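> please find the sequence and the predicted model below.
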Amino acid sequence: MSIDPLLERGYVEEARRERRAALEDAGIRPYGYRFARSHSTAEALELGAGVTEDDGPAVRVAGRLVAWRGQGKTVFAHLEDASGRLQLYLRRDALEDAWPLVSLLDLDDHVGVTGRLFRTRTGELTVRVTAVELLAKSLRPLPRGKTERLEDGTTVVHGGLVDPEVRYRQRYADFAVHPELRAVFRMRARVIAFIRRFLDDAGFLEVETPVLQPLYGGAAARPFTTHHNTLDMPLYLRIADELYLKRLIVGGFERVYEIGHDFRNEGMDRTHNPEFTMLEWYEAYADYHDIMARVEALLPQLVEHCLGGVVMERRGVTLDFAPPYNRVSFVEGIREAVGLDVLTDGEPAMRTFLTGRGVSPDEAAVMAGGRLLDAVFQEALEPLLVQPTFLMDYPRALSPLAKPHREDPRLTERFEFFVLGKEIGNAFSELNDPDDQRARFEDQGSQREAGDDEAQQFDADYIRALEYGMPPTGGIGIGIDRLVMLLADCDSIRDVILFPAMRPERGTGPDVPTPAPEGG
């Protein structure tokens, strides 16, 4: 009869604890303090590239034991660190007093070894270990799969850590058994570092603005709310950096940017997480055309830096990031796609269009203003924006912080940048008329009173800042997470966030009520 997997895991963990106790009884620390490495595994492999005999150079390497094949008085093992894997060869007669430690090692233990490089008969570069130190005892086995080598030479992994919910919840184990996932976050770091260099070289100043804010603004979203005990007042986690960055433009900082976390108390799906990373930059004496030009300068360089060229294949589509990018009018694009004019046909026609696309009549009936326009756009045009595209000139109802279009006051000078039907960035010719801004805040207040809990608050201090005079300004916000999703070819925002938001497990955090089964 087979053993229950949970019981089996319990037996394994109990055995590992017994081996830790045996180590302690023998005077061996199960958790070391440090180990002076001479090389990473990748550096050792490079060092030994020309080794053909037994007298290769000496190395001191450290990492986790990921494979173990004992044969009496000898052991072949593989050690893995952040840079790769290296084979170890351990012999009893070479280790002498250290052999009792070897007999108490387990897979996933962290060890440091000393020895000379040589090649086995199969040609694999290996360390002939002459000294070994235990650096950290693993009490819980990592959920590795079983690897099977097929007749054609390929390998298949069976089992292991495959459940997405468990992988996101136990990211430490996910990264430990799937080293290829760590490459996504190395790319993420390269993306952010490249953007910083690009903006720094263009004369921008990186700044930090408040995360805890007495008023939230700069986007249409619900905030997370907290309370400051000493001030006895509510505070909000920021939903955007925009209004503080534009205050700095008023103060004479002509080019500023920030890369930081924003927080929105909204639903979660493939492209939304309540905590996410945004890049925002603002430059004085510029408009949204200047911002487009800067995006067209940044993205091709960034894509080439990360992928080696400006063309990529994603979801069966060839995407070309060589500029210039497509430019599509919001109003004309919808008209050409579905024959609906969102400026003149009226809200009843838009609701009829939505119900014809499967939106329930009750849901469509309560939509108005910007929310209605956005719903029409998502149904009619958004999926068609596949190649890198600037969607331009949004209606005023959708853009309470954008400057009126200089040729059509019904529109604003705003663009969003789309790839594969998903928005990556949002940019404006920034509104700098304080009286116009005041009127738009008041309109947002009316929408809040009508039940739109995502409408913006009235920010009197921001109005005051504009009254001191803000020069013509162009600005943009780019979602770093979505940009990395595209570059790293990831399907979910959770794949590019180290620790995505999750419900707590029972017994590890506040209890979350379990919904009753359907039907009672």
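Yep, it's here. Treat the numbers as computed from the prediction; the structure is a model and nothing was measured.

> going forward, measure contacts between C-alpha atoms and count neighbours the same way
OK.

> now the helices: where do they sit in the stretch 151-300 of the chain?
164-169, 171-177, 179-201, 242-250, 288-307 (DSSP state H, counting those that start in this stretch).

> for Pro434, which of the ones you listed is the nearest?
For these, proximity to Pro434 was assessed by C-alpha to C-alpha; helix 242-250 is nearest, at 12.1 Å.

> against which helices or strands is that closest one packed?
Helix 242-250 sits against strand 255-263, strand 275-284, helix 460-467, with contacts defined as 3 or more C-alpha pairs under 8 Å, 6 or more residues apart in numbering; DSSP states H and E.

> surely Asp290 and Pro472 touch.
No: proximity of Asp290 to Pro472 does not meet the contact threshold set by C-alpha atoms under 8 Å, at 11.5 Å.

> I'd like the mean pLDDT over the lengthiest strand in the chain, please.
Using DSSP state E, we find that the single longest strand of the chain is strand 58-71. Strand 58-71 shows an average pLDDT of 94 in the prediction.

> adjacent strands (with direction) for that strand?
Strand 58-71 pairs in its sheet with strand 74-81 (antiparallel), strand 110-119 (antiparallel), by DSSP bridges.

> tell me the angle of the first one relative to helix 179-201?
Comparing the axes of strand 74-81 and helix 179-201 via axes from the mean of the first three to the mean of the last three C-alpha atoms, to 10 degrees yields an angle of 30 degrees.

> what mean pLDDT would you report for strand 74-81?
Here the average pLDDT along strand 74-81 is 96.

> neighbours around the closest residue in space to Tyr468 that isn't next to it in sequence, how many?
Leaving out its chain neighbours, the residue that sits closest to Tyr468 by C-alpha to C-alpha, 6 or more residues apart in numbering is Val250, at 7.3 Å. Each residue near Val250 was counted by other C-alpha atoms under 10 Å, and the total is 20.

> dump the residue contacts of Val250.
Val250 makes contact with Ala465, Leu466, Tyr468, Gly469, Met470, Pro471 under the criterion C-alpha atoms under 8 Å, 6 or more residues apart in numbering.

> now Glu449: how far from Asp459?
Using C-alpha to C-alpha, to the nearest Å, Glu449 is found at 16 Å from Asp459.

> when those two are compared, which one has more neighbours?
The residue with more neighbours, out of Glu449 and Asp459, is Asp459; 17 against 11, by other C-alpha under 10 Å.

> so that one makes contact with Leu215?
Yes: at 7.0 Å, Asp459 counts as touching Leu215 under the criterion of C-alpha under 8 Å.

> about what we covered before: what's the most buried one of the strands paired with strand 58-71?
strand 110-119 (a mean of 22; mean count of other C-alpha atoms under 10 Å).

> which residues are contacting it?
Under the criterion C-alpha under 8 Å, 6+ apart, residues 35, 37, 48, 51-65, 125-138 lie in contact with strand 110-119.

> do a quick rundown of the strands in the stretch 401-520 of the chain.
Under the criterion DSSP state E, counting those that start in this stretch, the stretch 401-520 of the chain contains strands at 414-419, 422-429, 473-479.

> just the mean pLDDT for the shortest one, thanks.
On average, the pLDDT along strand 414-419 is 97.

> ok, it: who's next to it in the sheet?
Assessed with DSSP bridges, strand 414-419 is paired to strand 389-392 (antiparallel), strand 422-429 (antiparallel).

> would you put the C-alpha positions of that strand in CSV?
Coordinates of the C-alpha atoms in strand 414-419 are reproduced here as CSV (Å, rounded to 0.1, in the frame of the first residue of the first chain):
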residue,chain,number,x,y,z
ARG,A,414,-3.5,62.4,-24.5
PHE,A,415,-2.1,59.1,-25.8
GLU,A,416,-1.9,55.6,-24.5
PHE,A,417,0.7,53.2,-25.8
PHE,A,418,-0.6,49.7,-26.7
VAL,A,419,1.0,46.4,-27.6
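
> and it, how far out from the chain middle?
Centroid separation for strand 414-419 versus its chain: 20 Å, with C-alpha atoms, centre = their mean, to the nearest Å.

> got the angle between it and strand 473-479?
Strand 414-419 and strand 473-479 are oriented at 30 degrees to each other (the same axes, to 10 degrees).
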